[in-house]
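1. Got a predicted structure here, sequence first:
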Amino acid sequence: MMLFLAIPALFVGNQACSKCHAEIYRSYVLTPMAMSSGRNVRPLTPGSFRDAASQVRYDIDADGLVRLSKGDARGQRQLSYYIGSGVAGRSFAYARDGFLFEAPVTWYAQTGSWDVSPGYASDSASRWSRPIEPSCLSCHASQTRWREGTLNSYADPAFDQNGVACERCHGPGSLHIEGKAKMVNPARLAPARRDAVCAQCHLTGQSRVTRAGRQLTDYNPGDNLSDFAAYFVATGPDDFQVNSHVEKLAESACKRSAGDRLWCGACHDPHTVTAPSERAAWFRAKCLSCHEAAQCARGFDCAGCHMPKSRAADSGHGVFTDHSIPRVPGRARVQPGASWKLRGFSTADSGDRELGLAYAEVGVRTGSRQQQAEAIRLLTAAPQDAEVQVRLADLEERAGNSGRALALYQAALRQAPNEVVALVNLGRLYGSSGLLDQAIALWREALKRNPCLAEAGVNLQIALRAKNDTAGGEAVRRSQEFCSFE
């Protein structure tokens, strides 16, 4: 008996889709999703600013060359890719030796000015070392070309398709263009699978935890997103974030009343751009499919009142639409300081392993001892895969249990030799115990996976000097010189 193996569909790119769907293609390429990343940053609006925290002056020209200065120090960096549609703003990626980093400069469209990127405002130095990992890049670009075994190294170019390509929502198309399969139509999927198409990028939560042995980048439209990751939100009032659309909509009275009938596609046509002069009428018509016009005498613009633009906790100078749809106009559900307890966003988002990893992430980020203790409790009882061991080791080390942490890092590296956090932190524990050769070997390995790991670089230099290895120290210095300015 002969066995026939199923041939998986492959990605073919937007141009292949455009041959049969020309009208949709012409409309879609003008949407913010289609323009959410690109390989050519020019032309930019030239500008300059001085960062208050670092006192570094940035001058950006139309070609994306950034000149830096502070006192007598001078330098320059070339922006390689843009990230973001430009509606609220646009951030940039800086590529060096195949590694991709987020630049500390952002163009804020709503203020028409350049300023420091979100998350960099408190930095006392100009950092060019924040790695862009595949799970981050994949929501802005399509068919990313990550080099396995590294943290943030990519082929050139880093992605094959600018922005969110057709196949990100409709699945890979090679079999379809051969007449052997249909494309995924999200609107015809079961509600959970339908909503997952949007949630893959528009659901933030307090924490997103990848399932053991899975990668979020392996998700394809039509799959259950919960098979790849679990999402956790705060049990109490939560911070409003840039990509909080799905969880904020779930909070709304509209969604709770309408259930599965209300989803992203109920109000948005992802293939078109609604002209500004037509937006109020467009969304009003959507609202009136459930509500009576007599219910509100405040005006014509339903979304303008009930879905206000609000400052997001992670947006820098940008403002974004609040999808919690507050009943009282202007009273957005934006309350800083989430409850310390977490819950799965949906019933599918469960498991002590995943919840423990979520508590570990949020507990370290917030400094909450309660969350860290809960993470240790859950993770100690969970299956000990490498991710669990690394997180648990970090928590044990923070609690002063260095011996326990050392054993956990060692166990993690036996399972996952490329695990960067384990390489760096186990190296530190070895170094503090005087085991310099073992520490040096680990830090060298870590820097191969991301040359801008500051802790590994600095500690490696110190260890090499202690061994009078000046040549090795110079090599480290050269590998680190592009990671920051000054």
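-> Nice, thanks for sending it over.

2. What segments of the stretch 301-450 of the chain are helices?
-> All helices of the stretch 301-450 of the chain, identified by DSSP state H, counting those that start in this stretch, fall at 302-306, 352-366, 369-381, 386-398, 402-415, 420-432, 436-449.

3. closest to Leu288 out of those?
-> Smallest distance to Leu288 across those (CB to CB): 8.1 Å, for helix 302-306. Any C-beta I mention is one placed from the backbone N, CA and C, and that applies to glycine too.

4. Does that closest one pack against any helices or strands, and if so which?
-> With contacts taken as 3 or more CB pairs under 8 Å, 6 or more residues apart in numbering; DSSP states H and E, helix 302-306 sits against helix 276-287.

5. Show me what the helix it packs on is packed up against.
-> Checking 3+ CB pairs under 8 Å, 6+ apart, helix 276-287 ends up next to helix 264-267, helix 302-306.

6. among those helices, which is the most enclosed?
-> helix 302-306 (a mean of 19; mean count of other CB atoms under 10 Å).

7. What mean pLDDT does it get?
-> Helix 302-306 carries an average pLDDT of 85.

8. Distance of the residue nearest to the spatial centre of the chain relative to Thr144?
-> Centroid check for the chain by CA atoms, centre = their mean gives Cys136 as the closest residue, at 3.3 Å. For Cys136, the distance to Thr144 equals 10 Å [CB to CB, to the nearest Å].

9. about what we covered before: among the helices and strands packed on helix 276-287, which is nearest Gly473?
-> The nearest among those, by CB to CB, is helix 264-267 at 53.1 Å.

10. same for that closest one, what does it pack against?
-> Using 3+ CB pairs under 8 Å, 6+ apart as the test, helix 264-267 ends up in contact with helix 191-202, helix 245-251, helix 276-287.

11. so Ala212, which of the three states?
-> coil (DSSP: H, G, I helix; E, B strand; the rest coil).

12. and it, what is it in contact with?
-> 353, 383, 385, 387 (CB atoms under 8 Å, 6 or more residues apart in numbering).

13. And the third one, what's its pLDDT?
-> According to the per-residue confidence, Asp385 scores 97 in pLDDT.

14. Leaving out sequence neighbours, find the closest residue to it.
-> Ala212 (4.8 Å; CB to CB, 6 or more residues apart in numbering).

15. same question, the second one
-> Leaving aside its sequence neighbours, Pro383 sits nearest to Arg353 (CB to CB, 6+ apart; 6.2 Å).

16. Go ahead and confirm that neighbour touches Leu379.
-> Yes: counting by CB atoms under 8 Å, Leu379 is a contact partner of Arg353 at 7.3 Å.

17. Give me the buried positions along stretch 421-433.
-> Residues of stretch 421-433 classed as buried by neighbour count (16 or more other CB atoms under 10 Å): 421-431.

18. tell me the mean pLDDT for stretch 464-474?
-> Taken as a whole, stretch 464-474 has an average pLDDT of 79.

19. could you dump that stretch to PDB, C-alpha only?
-> The C-alpha coordinates for stretch 464-474 follow below in PDB (Å, rounded to 0.1, in the frame of the first residue of the first chain):
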ATOM      1  CA  LEU A 464      39.200  38.500  30.100                       C
ATOM      2  CA  ARG A 465      41.100  41.300  31.700                       C
ATOM      3  CA  ALA A 466      41.400  39.200  34.900                       C
ATOM      4  CA  LYS A 467      43.000  36.500  32.700                       C
ATOM      5  CA  ASN A 468      45.200  39.100  30.900                       C
ATOM      6  CA  ASP A 469      43.500  38.200  27.600                       C
ATOM      7  CA  THR A 470      43.700  41.700  26.000                       C
ATOM      8  CA  ALA A 471      43.100  40.500  22.500                       C
ATOM      9  CA  GLY A 472      39.800  38.900  23.500                       C
ATOM     10  CA  GLY A 473      38.700  42.000  25.400                       C
ATOM     11  CA  GLU A 474      39.300  44.100  22.300                       C
END
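
20. who touches that stretch?
-> 436, 440, 460-461, 476.

21. could you redo the last one with a cut-off of 10 Å?
-> For stretch 464-474, contacts defined as CB atoms under 10 Å, 6 or more residues apart in numbering pick out 431, 434, 436-437, 440, 443-444, 460-463, 475-476.

22. for the stretch 1-150 of the chain, what spans make up the strands?
-> Secondary structure of the stretch 1-150 of the chain (DSSP state E, counting those that start in this stretch): strands at 37-38, 47-50, 57-60, 65-70, 73-78, 81-83, 89-96, 99-102, 105-108, 113-116, 126-127, 130-131, 142-146.

23. Quick check: can you name the pairing partners of the fourth one and their directions?
-> Translated: strand 65-70. strand 57-60 (antiparallel), strand 73-78 (antiparallel) (DSSP bridges).

24. Mind putting those into TSV with distance to Asp322?
-> Putting these into TSV (distance: least, CB to CB, whole Å) gives the following:
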stretch	distance to Asp322
strand 57-60	31
strand 73-78	35
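
25. Mean neighbour count and distance to Ala405 added to those strands, as a markdown table?
-> Below are the strands paired with strand 65-70 laid out as a markdown table (neighbours: other CB atoms under 10 Å; distance: least, CB to CB, whole Å):
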| stretch | mean neighbour count | distance to Ala405 |
| --- | --- | --- |
| strand 57-60 | 19 | 39 |
| strand 73-78 | 14 | 36 |
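
26. worst average pLDDT in the ones you listed?
-> strand 73-78 - the lowest mean pLDDT of these, at a mean of 94.
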